[in-house]
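>>> the sequence isn't on hand, but the structure is:
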């Protein structure tokens, strides 16, 4: 498929760089086919849309005793990578400076980096049992604390960092950001655009849409901008607050414990779902009892995707199309968008 990464045999991030392009596509397609087959579903699957390498704008690195990188396969040992085929050039360029900064971190933990239009958004998450909370040390105003703050500030100024958070404390912020700390976003801009285009296409002539597990409004916003009336729902208060502050309709709801009920669902022309890897079993059971004519399912887990779709097909829905999107390049993960309608 491409040049093999020098860390391929040790880093646990990628599994399939050594396959030919043909074998790689066939393997990814098999993930979806096997998941559907396991629940007794047989459906045509469109050719995979490939996003490609050097597109991943967010990554979570591990650090321990001053060493930063990705974990080895099935191990807590850290591989201190200097380059990565999946990261965007801007994120890859940040690696040397991150390595130097990690030498000043205490104990072990994770460093979540998201490249945004405003700059890098970095969140350091120490393991609680191995490091004291930073703000408890800052109050002592020790020389070590001051030196750490100066090091972080210098790093941020030199590397176009928009926000730097260490153990829940914002140590640097260039400008207000319209999303919460360590927020979930699609891993690539290209992948997000592809998913949005698919959802917009499926919703078509629908006018009133319910966007479940909406997050920051990945689908809510473009649906509204295309002229639809949309209500977003998600359990994360910070994401909903960010969405409503921008003028979009959204409400906090735990869709696992309090799924939207059939009589509520019946007032919508279409429902969009984009759950986490655990899927949306409870919500799909309610959708199965509803009169909603269109459902657009977005999933990053073929197994829970198939399980949830089986609930819907047993209730009378059928697939118009299933579209895999490979934005988790070289990994065992795959995004799927499916359009289901009532028979």
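Happy to help now that I have it. Quick caveat, the model's predicted, so the values are computed rather than measured.

>>> roughly how far apart are the nearest residue to residue 324 once chain neighbours are set aside and residue 323?
Using Cβ to Cβ, 6 or more residues apart in numbering and skipping the chain neighbours, the partner closest in space to residue 324 is residue 48 (4.5 Å). (Glycine included, C-beta is placed from N, CA and C.) Distance of residue 48 to residue 323, computed by Cβ to Cβ, to the nearest Å: 8 Å.

>>> low-confidence ranges in the stretch 201-343 of the chain?
Judged against pLDDT under 70, the stretch 201-343 of the chain has no low-scoring part.

>>> strands of that one, start to end?
Assigned by DSSP state E, counting those that start in this stretch, the stretch 201-343 of the chain shows strands spanning 208-212, 229-234, 250-252, 270-273, 294-299, 317-326, 335-342.

>>> tell me which of those sits nearest to residue 73.
Closest approach to residue 73 among those is made by strand 317-326 (20.6 Å; Cβ to Cβ).

>>> strand partners (parallel or antiparallel) of that closest one?
strand 49-50 (parallel), strand 335-342 (antiparallel) (DSSP bridges).

>>> deepest-packed of those, please.
strand 335-342 (a mean of 22; mean count of other Cβ atoms under 10 Å).

>>> show me the contact partners of that one.
If you take Cβ atoms under 8 Å, 6 or more residues apart in numbering as the criterion, strand 335-342 is touched by 32, 191, 195, 198-199, 202, 291-300, 302, 305, 309, 312-313, 316-328.

>>> if we go to 6 Å?
198, 202, 293-300, 305, 312, 316-317, 319-325, 327 (Cβ atoms under 6 Å, 6 or more residues apart in numbering).

>>> ditto for stretch 76-88
5, 7, 10-11, 53, 56-57, 62, 64, 67, 69-70, 72, 92, 115, 329.

>>> let's see 8 Å
Taking Cβ under 8 Å, 6+ apart as the rule, stretch 76-88 contacts 2-3, 5-7, 10-14, 17, 53-57, 59, 62-64, 67-72, 92, 95-96, 99, 115, 188, 329-330.

>>> and what of stretch 26-35?
Counting by Cβ under 8 Å, 6+ apart, 16, 19, 45, 48, 302-303, 305-306, 322, 324, 326, 332, 334, 336 sit against stretch 26-35.

>>> in JSON lines: the strands of the stretch 201-343 of the chain, plus distance to residue 108.
Below are the strands of the stretch 201-343 of the chain laid out as JSON lines (distance: least, Cβ to Cβ, whole Å):
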{"stretch": "strand 208-212", "distance to residue 108": "36"}
{"stretch": "strand 229-234", "distance to residue 108": "31"}
{"stretch": "strand 250-252", "distance to residue 108": "33"}
{"stretch": "strand 270-273", "distance to residue 108": "36"}
{"stretch": "strand 294-299", "distance to residue 108": "32"}
{"stretch": "strand 317-326", "distance to residue 108": "32"}
{"stretch": "strand 335-342", "distance to residue 108": "31"}
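
>>> closest to residue 41 out of those?
So among these, strand 317-326 is nearest, using Cβ to Cβ, at 8.4 Å.

>>> what residues of that closest one count as buried?
317, 319, 322, 323, 324, 325, 326 (16 or more other Cβ atoms under 10 Å).

>>> so what's residue 340 bridging to?
Here residue 340 sits in beta bridges with residue 295, residue 319, going by DSSP bridges.

>>> how near is it to residue 289?
Applying Cβ to Cβ to residue 340 and residue 289 gives a distance of 15 Å.

>>> list the contacts of the closest residue to residue 215 other than its chain neighbours.
Spatial nearest neighbour of residue 215, chain neighbours left out: residue 239 (5.3 Å); criterion: Cβ to Cβ, 6+ apart. Residue 239 sits next to 179, 180, 183, 214, 215, 216 when contact means Cβ under 8 Å, 6+ apart.

>>> for ChimeraX, what selects the buried ones among these?
Restricted to buried positions by 16+ other Cβ under 10 Å, the ChimeraX selection for those reads:
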select :179,183,214,215,216
